[in-house]
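J.: Provide a 3D model corresponding to the input given below.
(one chain, ligands or ions: 1)
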Amino acid sequence: MNNLATATSNVTLDDHVEDELAEFLSLEKPTSFFLFAGAGSGKTRSLVNALNYLAKTYRDVLRLRGRQVAVITYTNAACDEITRRTEYDSLFVVRTIHSFAWLQIQGFNTDIRAWLKNNLQHEIADLQAEEAKGRAGTKASAARQAQIDSKQRRLDRLAEIRTFTYNPTGDNRERHALNHSEVIKIFSTFLFTKPLMQRMFVEKFPFLLIDESQDTSRALIDALFVVQNAYADRFCLGLIGDTMQRIYPDGKDRIESEIPESWATPVKKLNHRCPQRIVRLINQIRGGADDHKQEPRDDRPEGWVRLFVFPIDAADKPALEQSVRDYMMGLTGDRDWSDASKCKILTLEHHMAARRMGFLQMFEALASVDDYRTGFLDGSFAPARFFTHYVLPLVTAQQKGDKFAATKLVRESSPLLSKENLKANDRPIAQLRTAQAAVNSLMTLWASGEPTCAAVAENIAQTNLFAIPDSLKAALAAKLATPAEKPGDEEADPVSDQIAALVAFLDCSFSEIAPYAAYVAHQAPFDTHQGVKGLEFERVMVLMDDGEARGFLFGYDKLLGAKAPTAADIKNAQGGKETSIDRTRRLFYVTCSRARSSLALVAYSPDPAAVRAHVIANAWFDADEVLSEIPNYPDG
Ligand SMILES: Nc1ncnc2c1ncn2[C@@H]1O[C@H](COP(=O)(O)OP(=O)(O)OP(=O)(O)O)[C@@H](O)[C@H]1O
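T.: Below you'll find the model as predicted:
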């Protein structure tokens with residue numbers, strides 16, 4: 001009986017892929033590849049197996065020539081996991097993209113200086129050209145002048161900088177530091193344009209494996225394609241990914257279709273994580289986008305999915321969601337469903353979290369700008385970090401009377417107490433007093449209620465308590481500038497979308513900073529797809545509320561059939577461009593595929609009946625899996 005079960009089991013379905021990878025990972029005859037691997041297909045295991053294979057086969061030859069195997073992962077957590085599972089083997093360099101890029105360019109100070117000089121000159125020239133075209137005396141002009149000034153200052157000091165620095169997990173606000181996007185741009189440009197750099201790179205790393213390649217910076221992937229093409233016989237580039245799980249705008253759109261013909265494209269078909277029912281659901285979801293279908297492991301249980309569709313204006317949504325969890329407990333017999341802290345509650349987008357937690361205005365200001373969105377949502381956006389990492393901890397310490405914490409923060413972060421400043425001043429005590437006066441001045445803003453972010457930034461700009469990021473300075477300049485006197489000038493020369501977003505951010509109350517900080521630190525009761533990338537949970541609840549999202553970037557009402565696609569959606573789809581339905585489908589796929597046992601989806605819709613009809617007609621759900629009210633479950 002056992003033998004029969006083993007003989008018919010599909011659990012070894014993908015084992016051949018590991019053998020194929022071993023063939024591609026050849027030092028003598030490398031074959032670059034794109035490993036297509038959907039949700040829960042065991043990418044980490046394949047990656048670790050590939051690394052172990054390389055160590056076993058080539059350790060000595062690689063060592064002899066000081067060569068290593070490189071791996072780029074998306075998160076620090078993934079890096080740690082792979083490093084641990086390969087037992088901290090120094091043959092492997094496992095890094096996130098920023099850390100890896102820096103490792104390659106660090107020390108090339110002359111080249112970095114030349115790149116920065118050229119880049120700053122271009123940026124200044126562009127701003128000057130805009131200024132010449134624009135109108136003098138406008139807010140836009142004030143913002144441009146501020147940007148030109150800070151870029152010019154950086155340009156003037158460039159020659160003095162001997163050694164550039166960078167910290168992949170820090171703020172990089174020192175004069176000699178590069179910022180996050182510069183590091184990726186510099187590395188990509190060097191790889192693209194410097195044959196010597198290409199040669200050195202390939203010599204050092206004959207094998208480079210990239211996990212989550214669908215979300216890896218487009219510029220870097222393009223540069224690596226060039227390197228691979230030039231050194232196809234000496235360099236093996238292995239991309240691992242799933243196009244359906246691309247969730248960041250920086251990733252390469254349709255990476256799968258750009259894979260060169262000479263590459264191998266192995267596919268993993270098995271889903272090790274999800275139960276049968278959930279695999280069928282995610283297959284249906286992705287069916288609208290491509291033809292990849294997964295198979296569930298036949299030793300996995302059936303599992304549960306339920307879709308609850310409630311009216312958009314339902315009263316007391318949190319209570320309704322608790323009754324959904326209670327219902328799921330009755331349905332599945334899993335008592336942990338009734339305890340919210342033991343369920344993974346996900347939202348498809350951040351709008352809902354922002355509204356429920358209290359940072360909606362800040363969210364609407366910043367998340368609407370493409371260039372800002374990723375950084376804003378992962379907490380790395382400099383203007384937001386200025387408030388969350390410097391101002392907020394100081395204000396909180398002051399309000400709690402925690403002098404020690406407040407002093408430590410100012411000592412470590414204030415330019416007023418920087419080494420340079422203290423050295424240049426023969427009376428350090430006076431400098432300390434100046435810093436204390438700056439803190440006192442800041443705190444007076446709370447005397448009459450919560451100040452705006454603008455009031456806080458303006459106060460700090462005057463006292464120099466903390467360094468203000470350049471972009472925020474430019475926005476502050478625009479905000480404080482008196483509007484142009486000549487009628488029509490402001491309309492004819494409006495501020496850029498970026499500056500407008502930052503000005504709207506400055507208009508927010510400072511009280512929005514604390515909930516935002518908690519959210520990006522994952523201290524919220526719910527998480528989003530970004531926060532759960534690569535993770536898995538027993539019971540998953542997905543909340544969808546277009547009313548709260550205001551249809552801004554996503555549209556599950558469209559995905560779920562309650563609303564027709566807009567004319568813009570149809571035009572984009574016809575032009576081969578991404579639509580909000582495509583984006584939503586991917587987020588839906590990522591969130592649903594996190595579940596190991598059971599999945600409850602809760603959608604608030606203007607037309608619950610249409611959603612119900614649509615999802616049943618499209619065979620996403622059976623009729624008895626879609627509920628519009630919560631029945632009394634026998635054991636509920
Ligand atoms: N060959 C295997 N046999 C048994 N379990 C496996 C196998 N490969 C992976 N798993 C398990 O399946 C689950 C999913 O694996 P993993 O997290 O590596 O998937 P993934 O491909 O990274 O998924 P995703 O892209 O959805 O994050 C994990 O619990 C892992 O331990």
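J.: quick one: contacts for residue 33?
T.: Residues near residue 33 by CB atoms under 8 Å, 6 or more residues apart in numbering: 21, 24, 236-239, 263-266. Any C-beta I mention is one placed from the backbone N, CA and C, and that applies to glycine too.
J.: ok, now with 6 Å
T.: Neighbouring residues of residue 33 by CB atoms under 6 Å, 6 or more residues apart in numbering: 24, 238, 263-264.
J.: residues in the stretch 401-550 of the chain within reach of the ligand, list them.
T.: Contacts of the stretch 401-550 of the chain with the ligand, taken as CB under 6 Å from any ligand atom, map to 534, 536.
J.: In the stretch 401-550 of the chain, where is pLDDT below threshold?
T.: Residues of the stretch 401-550 of the chain that meet the criterion pLDDT under 70 lie in 529-531, 546-550.
J.: For the ligand, give me its nearest residue in it.
T.: Per CB to the nearest ligand atom, residue 534 is where the stretch 401-550 of the chain lies closest to the ligand, at 4.2 Å.
J.: how about the CA coordinates for stretch 293-306, as CSV?
T.: Extracted C-alpha coordinates of stretch 293-306, given in CSV (Å, rounded to 0.1, in the frame of the first residue of the first chain):
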residue,chain,number,x,y,z
LYS,A,293,-0.5,26.3,-13.6
GLN,A,294,0.7,24.7,-10.4
GLU,A,295,0.0,21.3,-9.0
PRO,A,296,-0.7,20.8,-5.3
ARG,A,297,1.2,18.1,-3.6
ASP,A,298,-1.1,15.2,-3.4
ASP,A,299,-0.2,14.6,0.2
ARG,A,300,-1.5,18.0,1.2
PRO,A,301,-5.1,18.3,2.6
GLU,A,302,-8.0,19.9,0.8
GLY,A,303,-8.0,23.1,3.0
TRP,A,304,-10.5,25.9,3.0
VAL,A,305,-11.3,29.1,1.1
ARG,A,306,-14.2,31.4,1.7
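J.: what's the closest non-adjacent residue to residue 55?
T.: Nearest residue to residue 55, sequence neighbours excluded (CB to CB, 6 or more residues apart in numbering): residue 91, at 5.5 Å.
J.: gap between the one you found and residue 396?
T.: Distance of residue 91 to residue 396, given as CB to CB, to the nearest Å: 45 Å.
J.: so where's the chain uncertain?
T.: Scanning the chain for pLDDT under 70 picks out the ranges 1-7, 529-531, 546-555, 562, 633-636.
J.: ok, back up a step: so among the contacts of residue 33, which ones count as buried?
T.: By neighbour count, with 16 or more other CB atoms under 10 Å, the contacts of residue 33 hold 24, 238, 263 as buried.
J.: mind listing what residue 252 touches?
T.: Counted by CB under 6 Å, 6+ apart, residue 252 has contacts 218, 221.
J.: Helix, strand or coil: sort out residue 28 for me.
T.: When classified by DSSP: H, G, I helix; E, B strand; the rest coil, residue 28 comes out as coil.
J.: so where do the strands sit in the stretch 451-600 of the chain?
T.: 527-528, 537-545, 595-605 (DSSP state E, counting those that start in this stretch).
J.: any chance of the ones you listed in JSON lines, plus mean neighbour count and distance to residue 222?
T.: Shown next, in JSON lines, are the strands of the stretch 451-600 of the chain (neighbours: other CB atoms under 10 Å; distance: least, CB to CB, whole Å):
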{"stretch": "strand 527-528", "mean neighbour count": "20", "distance to residue 222": "28"}
{"stretch": "strand 537-545", "mean neighbour count": "23", "distance to residue 222": "34"}
{"stretch": "strand 595-605", "mean neighbour count": "24", "distance to residue 222": "35"}
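J.: nearest spatial neighbour of the residue of the chain found nearest the ligand, skipping sequence neighbours?
T.: Residue nearest to the ligand within the chain (CB to the nearest ligand atom): residue 42, separated by 2.6 Å. Excluding its sequence neighbours, the residue lying closest to residue 42 (CB to CB, 6+ apart) is residue 272, at 5.2 Å.
J.: quick one: the one you found from residue 294, how far?
T.: 10 Å.
J.: same question, residue 110
T.: 50 Å.
J.: which one of these two has more residues nearby?
T.: Taking neighbours as other CB atoms under 10 Å, residue 110 and residue 294 compare with residue 294 leading, 23 against 8.
J.: ok, that one touching residue 39?
T.: No: between residue 294 and residue 39 there is no contact under CB atoms under 6 Å: 7.4 Å.
J.: Can you pull the residues of the protein lying near the ligand?
T.: Checking the chain against the ligand by CB under 6 Å from any ligand atom, the hits are 37, 39-45, 242, 245, 272-273, 534, 536, 593.
J.: run the last query once more with 8 Å
T.: 11, 14-15, 37-46, 212, 242, 245, 268, 270-273, 297, 533-536, 590, 593-594, 596 (CB under 8 Å from any ligand atom).
J.: returning to that earlier point: any idea how many residues pack against the residue of the stretch 401-550 of the chain closest to the ligand?
T.: Count around residue 534 with other CB under 10 Å applied: 18.
J.: circling back to that earlier point, ok, the residue nearest to residue 42 to residue 16 distance?
T.: From residue 272 across to residue 16, the span is 16 Å (CB to CB).
J.: what residues go with each domain of the chain?
T.: Domain assignment for the chain by the TED database gives 12-104+185-267, 119-162, 275-347+528-625, 359-518.
J.: List the buried residues for stretch 189-208?
T.: 189-192, 197-198, 201-202, 205-208.
J.: Show me the contact partners of that stretch.
T.: Against stretch 189-208 from outside (CB under 6 Å, 6+ apart): 67, 69-70, 223, 226-227, 231, 234-237.
J.: repeat that for 8 Å
T.: 25, 27, 30, 54, 62, 65-72, 93, 104-105, 108, 111, 115, 220, 222-224, 226-227, 230-231, 234-238.
J.: And it, how far out from the chain middle?
T.: Chain-centre distance of stretch 189-208: 27 Å, with CA atoms, centre = their mean, to the nearest Å.
J.: Report the backbone C-alpha coordinates of that stretch in PDB.
T.: Extracted C-alpha coordinates of stretch 189-208, given in PDB (Å, rounded to 0.1, in the frame of the first residue of the first chain):
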ATOM      1  CA  THR A 189      26.300  52.200 -15.300                       C
ATOM      2  CA  PHE A 190      29.800  50.800 -14.600                       C
ATOM      3  CA  LEU A 191      28.800  47.300 -15.600                       C
ATOM      4  CA  PHE A 192      27.100  48.700 -18.700                       C
ATOM      5  CA  THR A 193      29.800  50.900 -19.900                       C
ATOM      6  CA  LYS A 194      33.200  49.700 -18.500                       C
ATOM      7  CA  PRO A 195      34.500  46.600 -20.300                       C
ATOM      8  CA  LEU A 196      37.200  46.400 -17.600                       C
ATOM      9  CA  MET A 197      34.600  46.300 -14.900                       C
ATOM     10  CA  GLN A 198      32.700  43.600 -16.800                       C
ATOM     11  CA  ARG A 199      35.900  41.500 -17.100                       C
ATOM     12  CA  MET A 200      36.800  41.900 -13.400                       C
ATOM     13  CA  PHE A 201      33.200  41.100 -12.400                       C
ATOM     14  CA  VAL A 202      33.000  37.900 -14.400                       C
ATOM     15  CA  GLU A 203      36.500  36.800 -13.200                       C
ATOM     16  CA  LYS A 204      35.500  37.300  -9.600                       C
ATOM     17  CA  PHE A 205      32.000  35.800  -9.900                       C
ATOM     18  CA  PRO A 206      31.600  33.100 -12.600                       C
ATOM     19  CA  PHE A 207      28.200  32.300 -11.100                       C
ATOM     20  CA  LEU A 208      25.600  34.900 -10.100                       C
END
